[in-house]
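**Student:** Sequence and predicted structure are below.
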Amino acid sequence: MRNYMKYLFGLCLLCVLSAACQDGDWAAPDFSEGVPYGNNSLTETNVITIAQLKAMYPKYNNTFSCVEITDDVQLRVRVTGNDVQGNIYNSIAVQDEQGNALIVCIAASDLYARMPVGQELLINLKGLYFGCYGAQPQLGTPYTNAAGNTFPSRMNHSIWREHVKLVGKADPSKVVPIDFPANPTMEDAGKLMTIRNVSVQGADGKVTWASQADAGTYTNVQKYFVDMSSDIMLYTSTYADFANTPIPTGKMNITGIWKVYQTNTKYSPKWELLIRDFKDIEVIGE
Amino acid sequence: MTKKLTFVTLFLGIASLGYAQNKETNDTGTTDDVSLRQDNAAFVFTESQLGENDDVTQNVIMVNSSNNVYTSNVGYLFSPARYKYRAYNSRYNDIYFNGVQVNNAENGQFNYSTIGGMNDATRNIDASGVFESNAFSMANIGGSSNYNFRASSLPSGHKVTLSGANRNYTMRAMYTFGSGVTKRGWAVAGTVGYRWASLQTAAVEGTFYNSLSYFLSIQKMWGDRHSLNLATWGNPTERAQQGASTDEAYWLANDYQYNPYWGYQGGKKRASRVVNNYEPTALLTWDYKINERMKLTTSLIGKYAMYSSSKLNYSGTNPHPDYWKRFPSYNYNVWGDTPPTADEMTAWQNAYNSWTGTTAYRQIDFDMLYFANQQLNATGHDAIYYIERRHNDHLNFALSSTLDWNVSKDSKFQSGIQLGTNKGMHYETMDDLLGSEYFHNRNTYAEGSYADGADQIYYDLNNKDGLVRVGDRFRYDYNLMVQNAKLWATWTKDKGISHNFISAKVGGSQMWRDGKMNNGIFANYLDANGQEVKLSYGKSGKARFLDGGFKMGTNLNLGRGNAISLGIGYETRAPQANVAFVSPEMNNNFVGNLVNEKIFSSELGYALNCKWLQMNLTAYYTHSYDGTEWQQFYNDNENSFTYNSLFGVEKDYYGVELGMKFKVTSNFNINLLGSFAEAKYAKDTRAVYMLSNEGIERSALCLNKDMRESGTPLAAISLGLKYSIKGWYFNLNANYYDRIYLSYSPNMRYSVMGDPNSNEYHSGVADYVLKQTGAGELNENYQLGGYNAEGEAMLTSAGRDYFAQSKGKGGFMLDGSIGHTFRIRGRHPLNINLMVTNITNNRKLCTGGYEQSRSTNYTTVEGAEQNRTYNFQKNPKKFYAQGINFMLNLNYKF
């Protein structure tokens, strides 16, 4: 009997020793050779500013326009806005060192998990399209809407990944909003700006930023500021994480991406404030 | 025949002690052939990863009633096609260890993998057919089996088994010993085994297998009256799972075993779904021979089962490689008549090129998931990709006592009592944050539907803002308590040419939930009297059930080897705890109308046993009603989990089974087996469903009439040849399987009943489809206009056709084995056996799968009905049989 037990014990021990765990702890991958997003083979050559881009392709300057970028030029920009809480959809806002802004349209979700605010990007512009949608300068690929207007719209994600390289680590501290000017110009379109000391019309502690009831058959809700021009508005998606959160009743400082919308130069441009994140709302008092 | 049946009955009756004298004395090919075939069956049963629930690796029934050619062969023979006996759910098959029932107390099923790898210890099975009496129970409608784990019943001596295979595991080593019974009445037996496959060697890419098994049994006998046996076993197992995918994915990967559940991390393969399972068990058995005619067997079992399975989850873009938006067919309607535009064709081609270009594109990109989480980390955001681990742990105790009384030489009385208590602990933990440091226990599905900071977005109001770290519990945490008691008795009587039995049982059970998280959508509150209403945190009310039933059967020996048998039964069964709650992950609510299921079962058989032919022909009919079913799935349409309860389920099971064994010569047999079964819903079924982001119970009628039981061939036929000569033995089986249905999606067949403006109106997928196709009587609200007296939807035949269940392709499979027994030093037998399955390499045989629960049509915010380009209904997820595969076994006894 003792012999049997010896055999059994020995075999148990052998098996236990050999039965090492196969799904052990996994160390994080090493990205020192390049991150797994974008085109790491891009190198900085012919970097221009957004102002220079506009000067090189003056045909962009129209309410609706779409121009292919044929020159071998690049932009070095920093992400200022993205889809972190679902209010900005399929696009990111970027600004260069000079503070000029663009919207980049990309047919993908969770862009904030690839390009967070503060992430620097090197964009190879050749082959992309530059133009305006409702006077808002954008990068993308051509799309013609039902009204017959052609403009740069959401580019395929794989195209974008070929044209972009992430530079360094995201540094949100480098992204500082400026104040929304009293008289905004087209140069302000797409910038990260803060409007100060405002309250929202109809805010009663119950009305939310973008309920589906308010949106009706649309997926966006426009809200206006008390005692301000109706050309300046909050533009919020019903898909935003804060869509069903009540709008504070008091005064606020609100930061966000300001997009311009103008279908015809006969009319004054509309300025739409897209809140990126609930943290963009600062309540300053009743 | 009577004599034979009496013998069988007596044999079964005295099995508890009778087995103690069993010895595996036959070292020739025949016995080993049988045991190897059992190995094969056990292999497929225990390691197959297709099941309706994650912790039931295979929803199978191992029937092995030895006096029926069909049932004694069908289990292992059809196992490569995942054959289910009579297409029953395995909760209709009862498993006993030394007389005590061990089916999972919550779902009623038995997980064969918990006794995997200890094959030599699990050969002594006392199997009872549906209408056979036995010494341990009133047999269930899918049969009952009692495993004998007494030390004295294991063969004495040593045995070493080494196996190699290109299946789920690559290598297996087992050692078994048995002392036999010593002069002092002691017996010790045990086995240890190890089964292994790495990510590099497993037959299915991206899986691995790592399992240690042990079994030890010690028995002490005091004379021939008392015996006490203690057995303990367990098999800590770690294995990676394979996922089903669509035919398009199999085509693009050019591999019918394509597995979307793994990916590359830093260039190394990593599995995303890993099951850890360990159920240390102890079983104490007291056999008491009261007198020459009366025996009492009492067993107490205790186990702590730890089962968990990991899963890659996300709150961002779906990271699974076979996500529908990644397929070429996402780009244009490949099923339609309209040719694609140039842009669509380009997009299709690009997707095709990506899929076929590299393996990495077809698998999970773990590097990207880490990168995304790290980017989010840098800005203080929660991880959007993580590996979660769902735990189903159980602490179980059960006691049984069985009296076996030979009243006279032609009558017998058997009776027993079963008591059981089970604490099921269900919770989810964080397994890997994939490079992130932040994660909060929030209901991301509900975020956006409620105000920022609202209670509803928290899974646990008792711990709202705590960070979830690796190993922490989140999302859900609850216990299910089940207690039951059962009393049964069987009376067997032989009279003239008849052998008769009648069995009856009565039982009681109670169950309740004990929530450990105060779910924000179902927050506890104080009622007008200041009493706390425990919606989710704390104990629910108790549901109590009384059930019972009877069955009776007779065998008539007509002489000259002819016999007919007849059996009927009726029973009520308490609902299982796993279907009793609407959403056990969220709240304490029981399903409304929770009542006992009722089952009528019947069987008529003919047997012929002559010198050259043994034949069994059986027809059966079973009708069940008032059943309850439950399932949950992630509902892409609603961006939320959906919990579905079907109640008042009514099903019909009927069919014929044929088993024939021709003895051509003393060493050459031809076996013919065939089964044609029907197993389907008898009528449309009422349903209640709930979305996890809103917590409202909604009603629907599920148009599931005629939906078949899935994941099994409902038609199968086999022709087998067996030949043995001079220690060599050869087997060849040609099997054909057909009528394989996929698991239907109830959600896709919901018709909304009621006012569309009420909260009932949400997702009547069927109604929209019927309006589009004009295949049902619809009112102006797009709803089904009429129901007949039975509550069935008034559908045209075109409507029924539209909702026809998805099927898999059947086919032919050729299996063979060859073996030989050598004598080492003229004494010790060395047995070598090679089993080759699917010799003709038929890789297109579907073994099961499920329909996708997402609708192709949807309603826009504007209220317009639209169809997606990608057609979910044309793309069910399937599993296919492995191509040619082998298992080589060597065993040596000394």
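**Tutor:** Thanks, I have the structure now.
**Student:** so where is the stretch 51-200 of chain B shaky, pLDDT-wise?
**Tutor:** In the predicted model, the stretch 51-200 of chain B carries pLDDT under 70 at residues B:51-66.
**Student:** in it, which spans are helices?
**Tutor:** For the stretch 51-200 of chain B, the helices defined by DSSP state H, counting those that start in this stretch occupy B:69-77.
**Student:** what residues does it put near chain A?
**Tutor:** Counting by CB under 8 Å from any CB of the partner chain, the stretch 51-200 of chain B comes close to chain A at B:158, B:175, B:177, B:179, B:182, B:186, B:188, B:190, B:192-194, B:196, B:198-199. In this view, the C-beta of every residue, glycine as well, is placed from N, C-alpha and C.
**Student:** how long is stretch B:357-370 end to end?
**Tutor:** In stretch B:357-370, first residue to last residue: 23 Å (CA to CA, to the nearest Å).
**Student:** Only the buried subset of the residues of the stretch 51-200 of chain B next to chain A, as a PyMOL command please.
**Tutor:** Filtering these down to the buried ones (16 or more other CB atoms under 10 Å in any protein chain shown) takes a single PyMOL command:
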select buried, chain B and resi 158+175+177+179+186+188+190+192+193+194+196+199
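**Student:** Strands - which of the residues of the stretch 51-200 of chain B next to chain A land there?
**Tutor:** Of these, the ones assigned to strands by DSSP state E are B:158, B:175, B:177, B:186, B:188, B:190, B:192, B:193, B:194, B:196.
**Student:** just the helices in the stretch 151-286 of chain A please.
**Tutor:** Under DSSP H, counting those that start in this stretch, the stretch 151-286 of chain A gives helices at A:157-163, A:212-215.
**Student:** With mean neighbour count and mean pLDDT as added columns, please give these in CSV.
**Tutor:** Listed next are the helices of the stretch 151-286 of chain A as CSV, based on neighbours: other CB atoms under 10 Å in any protein chain shown; pLDDT from 0 to 100:
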stretch, mean neighbour count, mean pLDDT
helix A:157-163, 18, 94
helix A:212-215, 15, 87
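**Student:** Next one: residue B:577 from residue B:107, what distance?
**Tutor:** 8 Å (CB to CB, to the nearest Å).
**Student:** Quick check: closest non-adjacent residue to residue B:750.
**Tutor:** In space, and not counting its chain neighbours, residue B:750 is closest to residue B:700: 3.9 Å by CB to CB, 6 or more residues apart in numbering or on different chains.
**Student:** My read is that the one you found contacts residue B:689, right?
**Tutor:** Yes - using CB atoms under 8 Å, residue B:700 makes contact with residue B:689 at a distance of 6.5 Å.
**Student:** and residue B:649, what are its bridge partners?
**Tutor:** On the basis of DSSP bridges, residue B:649 is bridged to residue B:627.
**Student:** what's near enough to touch it?
**Tutor:** Shown in contact with residue B:649 (CB atoms under 8 Å, 6 or more residues apart in numbering or on different chains): B:597, B:624, B:625, B:626, B:627, B:628, B:629, B:681, B:685.
**Student:** let's go with 7 Å and repeat that
**Tutor:** Contact analysis of residue B:649 by CB atoms under 7 Å, 6 or more residues apart in numbering or on different chains lists B:627, B:628, B:629, B:681, B:685.
**Student:** neighbours of the closest residue in space to the third one that isn't next to it in sequence, just the number please.
**Tutor:** Read it as residue B:629. Excluding the flanking residues, the one nearest residue B:629 by CB to CB, 6+ apart is residue B:646, at 4.4 Å. The tally of other residues near residue B:646 (other CB atoms under 10 Å in any protein chain shown) stands at 22.
**Student:** measure residue B:646 to residue B:750 for me?
**Tutor:** In this structure, residue B:646 and residue B:750 are 11 Å apart, going by CB to CB.
**Student:** what do those two both touch?
**Tutor:** B:687, B:702.
**Student:** Name the nearest residue to residue B:264, sequence neighbours excluded.
**Tutor:** Leaving aside its chain neighbours, residue B:264 sits nearest to residue B:360 (5.6 Å; criterion: CB to CB, 6+ apart).
**Student:** What of residue A:26?
**Tutor:** Closest to residue A:26 by CB to CB, 6+ apart is residue B:265, at 6.1 Å.
**Student:** Surely the one you found is in contact with residue B:366?
**Tutor:** Yes - contact criterion CB atoms under 7 Å: residue B:265 and residue B:366 qualify, at 3.6 Å.
**Student:** what about the stretch 651-800 of chain B, any weak spots by pLDDT?
**Tutor:** Using pLDDT under 70, the stretch 651-800 of chain B drops low at B:753-795.
**Student:** For it, just list every one of the helices.
**Tutor:** B:765-773, B:797-802.
**Student:** Look up how far residue A:280 lies from residue B:533.
**Tutor:** With CB to CB as the criterion, residue B:533 and residue A:280 are 39 Å apart.
**Student:** more neighbours, those two?
**Tutor:** When residue B:533 and residue A:280 are compared for neighbours, residue A:280 comes out ahead with 22 against 12, by other CB under 10 Å.
**Student:** Please tell me the pLDDT value assigned to the more buried one.
**Tutor:** Per-residue confidence at residue A:280 stands at 94 (pLDDT).
**Student:** Same check on the one 5 residues further on?
**Tutor:** At residue A:285, the predicted lDDT confidence score is 78.
**Student:** mind listing what it touches?
**Tutor:** So residue A:285 contacts A:250, A:251 (CB under 7 Å, 6+ apart).
**Student:** again, 10 Å this time
**Tutor:** Residues in contact with residue A:285 (CB atoms under 10 Å, 6 or more residues apart in numbering or on different chains) are A:197, A:199, A:248, A:250, A:251, A:252.
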